[in-house]
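Q: Fold the stuff below for me.
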Amino acid sequence: MFSKYLFIILCLIPGLGIILALIGFVTYIVIMQSIGLNNLFGEDEFTFKFWEKIFAKKSYNRSVRYSLYIGTFSTIFSILLAYPIALWLRKPFRGSLLISSILKAPLLVHGLVAAFLFLNVIEYHGLVNQLLQYLNFTDQPIRMRNDRNAFGVLFLQTWKNMPFALLLLAGALQSISDDTLDAARDLGASIYRRFIDIIIPLTISAMTAAAIIIFIGAFADFTFQKIAGPRNTFSLSQLMVEYRGRMKWNEAATVGVTLIVLSFFGAVFVVFIINKLFKYPGWFSPVKMKNIQSIIGGKK
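A: Numbering: from 1, shown residues only. Below you'll find the model as predicted:
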């Protein structure tokens, strides 16, 4: 048994081992610099003064709240939008392949390109303002760029990440047999109960994976925030780049460690919330599961 696990580890080392080593090395350097060690300039000195200084800054605390806001709501919107589309495309129909391809197209568009395209649409003299004026909804253009509530960033994050969630959820939904859903319908389950108590529990792994990846990506994003985000608030990634540009490497390291720690605990919290909400469905009990299995067996 030990030799089997050793063989698996040896097979993973050439690929996964190098990745983990590089990530571990970078993480180590960032953590050390945040406490005054491994400095690029000056003498090394073990100290927490950089953390004390960064915690006292309102800009840092505001950046933490803002990044959590973007990461959380981008995840929620992406998954809420992807679920009904995945259910709609679960069974193939004429044109479903084309629709699915179009919806997944944002995966092929670079974030920088998407942000500039978005700005061209919502600019002061952009397409949206021209349309609103043409329809007589407004007398003059509305300033929608870099809004204070970051609605533009949330739109871009949802537009970019929803196809990824759709990709994972569609595969999980297509793996659910029609017999299971038909048996639940025969037992009196409504559409709502079938979705809550059968579909979600059977796709919870895909939903969790999508939520974790989307949260981490949106939480640490730089491109969308830099181009379309509000000018009165920095994201954590922006704040880190700002400190680096001013050659304040230790402060930049503290922000980098914050990104790493909050990304990790944010992912753990996402898993906890999803499992807490959907682990114990009310209708999908073991007794009724046996009834469903017996009905499926009878049909076969």
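
Q: could you list every residue that touches the residue most central in space within the chain?
A: For the chain, Ile214 is the residue whose C-alpha lies nearest the centre (C-alpha atoms, centre = their mean; 1.3 Å). Ile214 sits next to 74-75, 78-79, 157, 161, 164-165 when contact means C-beta atoms under 8 Å, 6 or more residues apart in numbering. Just so you know, the C-beta spots here come from the backbone N, C-alpha and C atoms, and that holds for glycine as well.

Q: Keep only those of those that are in helices.
A: Applying DSSP state H to the contacts of Ile214, the entries found in helices are 74-75, 78-79, 157, 161, 164-165.

Q: Let me have those residues in TSV, extended by distance to Leu131 and pLDDT.
A: Below are these laid out as TSV (distance: C-beta to C-beta, whole Å; pLDDT from 0 to 100):
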residue	distance to Leu131	pLDDT
Ser74	26	94
Thr75	30	94
Ser78	26	94
Ile79	30	93
Gln157	24	93
Asn161	26	93
Phe164	29	92
Ala165	29	93
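
Q: My read is that Leu166 contacts Ala82, right?
A: Yes - counting by C-beta atoms under 8 Å, Ala82 is a contact partner of Leu166 at 4.3 Å.

Q: of those two, who's got more company?
A: With neighbours defined as other C-beta atoms under 10 Å, Leu166 and Ala82 compare such that Ala82 has more, 26 against 23.

Q: Val113 versus the more buried one, what's the distance?
A: 22 Å (C-beta to C-beta, to the nearest Å).

Q: Report the contact partners of the residue lying closest to Phe50 once chain neighbours are set aside.
A: Nearest non-adjacent residue to Phe50, counting by C-beta to C-beta, 6 or more residues apart in numbering: Asn250, 4.4 Å away. Counting by C-beta under 8 Å, 6+ apart, Asn250 touches 33-34, 36, 39, 50.

Q: hmm, 7 Å instead?
A: Applying C-beta atoms under 7 Å, 6 or more residues apart in numbering, we find Asn250 in contact with 33-34, 36, 50.

Q: Would you mind giving me the confidence score for it?
A: Listed pLDDT for Asn250 reads 89.

Q: In space, what's closest to Phe116 - neighbours in sequence excluded?
A: Residue nearest to Phe116 in three dimensions, not counting chain neighbours: Ile227, with 6.8 Å by C-beta to C-beta, 6+ apart.

Q: next SSE after the helix or strand where the one you found lies?
A: Secondary structure from DSSP states H and E places Ile227 in helix 223-228. Once helix 223-228 ends, the next helix or strand along the chain (criterion: DSSP H and E) is helix 236-245.

Q: mind listing what's buried in that following helix?
A: Neighbour counts over helix 236-245 (16 or more other C-beta atoms under 10 Å) mark 236-243 as buried.

Q: Not counting its neighbours along the chain, what's nearest Asn120?
A: Asn120 sits nearest to Gly126 (C-beta to C-beta, 6+ apart), 5.8 Å away.
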